[in-house]
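Visitor: give me a model of this one.
(one chain, ligands or ions: 1)
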Amino acid sequence: MSAGRFRIIVESAAYEKVAIARQLVSPTRVVAYAAGISIVMPAADATMTSLRAVPTGQPRAINALEQPPPKGSKATIRNYVYPWSELAASKDLEELPAMVECFERWLGPYPFEKVSMVQAPTRFGGMENAACVFLNERMVNGSGNIADTVAHELAHQWFGDAISIADWADVWLSEGFATYYSTRYCEEWRKGGDLAGAMEAMQEKVLRDPLLPERPVVARPSGDLDQVLSPMSYQKGACVLHALRRYVGDEAFAKGMRAHWKRNFDESIRTSDFAAAFSAGAGVDCTRFLAVWTRETGAPLLQARVEGSRATIEQRQPGAVFPFVVDVDLIVGGTPIRREVRFETERSVELKVEDAAIERVVLDPEHWVLHQ
Ligand SMILES: [Zn+2]
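Guide: Next comes the predicted model:
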């Protein structure tokens, strides 16, 4: 789908009480920014009904905070913070050049001319305006604890801003991706991170969520758009990407994501557009994988049965069989033997060891796949 024309409404009142000051028409999905007034960006056509308003108060003095350019990047970094927050911001935004470097390495060049984090009174923790991210004014306080939020909003420049969504139902292409890449930055790029531990915690959060049996990742919102922003689009979306990475392997995953970036840049897309571009780049057809994982509710219920030297690994949830690849450790004589199990359309897979009894089975020891 080509870029449409989007109305940009410049408003001066709070989010709940929209008082339109004036309307502009933009030829692309540009989000503008002006100090002291806020921006909403609803689409002109009916498929995408509204984006976020950013509530603002009175204009405040802000100071520019320069940072060194990211290594090997064409982007420049210029942040805007309240004068009294400069010291705090220089600590809180310390990692921003490294984040840009990381995402450029994984995905492709930063899509805009400049990177800006702007301290602002937004309704959320962060708001991913293109090239002009709003960070909640209270979060920029020198805690040094906001790398996850900063990385999340920065990842949105690739996913959500430069590649937009054609329908709210597919918002995971923005939120799930930003959640996964900010987690990867914090745990995988930084030294001493623990991506497996972070994904395990995320998977547990999704499994405990009451929405899991009711709402798939791709779901049309009814009425209240805030319903779109649920753990199903954020955390379950991120879990789908993590399982997809295990399904195709690291190298193919990186190629698939770069192909997605190249083919869908400056477009408004659906999940099927991502599936087509990713599959072509990865060299693995992931159409069914993505269809099942994003359109089915719940998660695979994975169980292992052991009989002597055989183990049967089975999906026991009602409904569709989930495609995925999972590591299985067969414990023999106290020592794990690692096997890779691939599920496509069959519900169970049998494993055997030679002339020895399997004592027990450990499923997915590195937490790649969301499962019960
Ligand atoms: Zn987000």
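Visitor: show me what counts as buried in stretch 227-241.
Guide: Residues of stretch 227-241 classed as buried: 228, 230-241 (neighbour count, 16 or more other Cβ atoms under 10 Å). Every residue, glycine included, has its C-beta placed from N, CA and C.
Visitor: what residue in the stretch 201-350 of the chain comes nearest to the ion?
Guide: Proximity to the ion, evaluated over the stretch 201-350 of the chain using Cβ to the ion, is greatest for residue 234 at 7.2 Å.
Visitor: in helices, which of the buried residues of stretch 227-241 fall?
Guide: 237, 238, 239, 240, 241 (DSSP state H).
Visitor: reformat those as CSV; add pLDDT and distance to residue 329.
Guide: Below are those laid out as CSV (pLDDT from 0 to 100; distance: Cβ to Cβ, whole Å):
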residue, pLDDT, distance to residue 329
237, 98, 28
238, 98, 25
239, 98, 21
240, 98, 24
241, 98, 24
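Visitor: need the residues you listed in CSV (columns: distance to residue 90).
Guide: As requested, these are exported to CSV (distance: Cβ to Cβ, whole Å):
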residue, distance to residue 90
237, 33
238, 30
239, 34
240, 36
241, 32
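Visitor: which of those residues lies closest to residue 343?
Guide: residue 240 (14.8 Å; Cβ to Cβ).
Visitor: any idea how far residue 227 is from that closest one?
Guide: Counting by Cβ to Cβ, to the nearest Å, the gap between residue 240 and residue 227 amounts to 19 Å.
Visitor: go on, residue 145?
Guide: Distance, residue 145 to residue 227, by Cβ to Cβ: 29 Å.
Visitor: wait, what's in contact with residue 259?
Guide: 277, 278, 280, 281, 282 (Cβ atoms under 8 Å, 6 or more residues apart in numbering).
Visitor: got a winner among those for most neighbours?
Guide: Greatest neighbour count in the contacts of residue 259, by other Cβ atoms under 10 Å, goes to residue 278: 29 neighbours.
Visitor: tell me how far that residue lies from residue 250.
Guide: 14 Å.
Visitor: how about residue 217?
Guide: Taking Cβ to Cβ, one finds residue 217 at 23 Å from residue 250.
Visitor: hang on, the earlier thing: my guess is the residue of the stretch 201-350 of the chain closest to the ion contacts residue 175. True?
Guide: Yes - contact between residue 234 and residue 175 holds when scored by Cβ atoms under 8 Å: they sit 4.8 Å apart.
Visitor: can you name the element that comes right after the host helix or strand of residue 339?
Guide: Residue 339 belongs to strand 335-343 when assigned by DSSP states H and E. The helix or strand immediately downstream of strand 335-343 is strand 348-352, counting by DSSP H and E.
Visitor: residues of that following strand that come out buried?
Guide: Here strand 348-352 shows 349, 351 as buried, counting by 16+ other Cβ under 10 Å.
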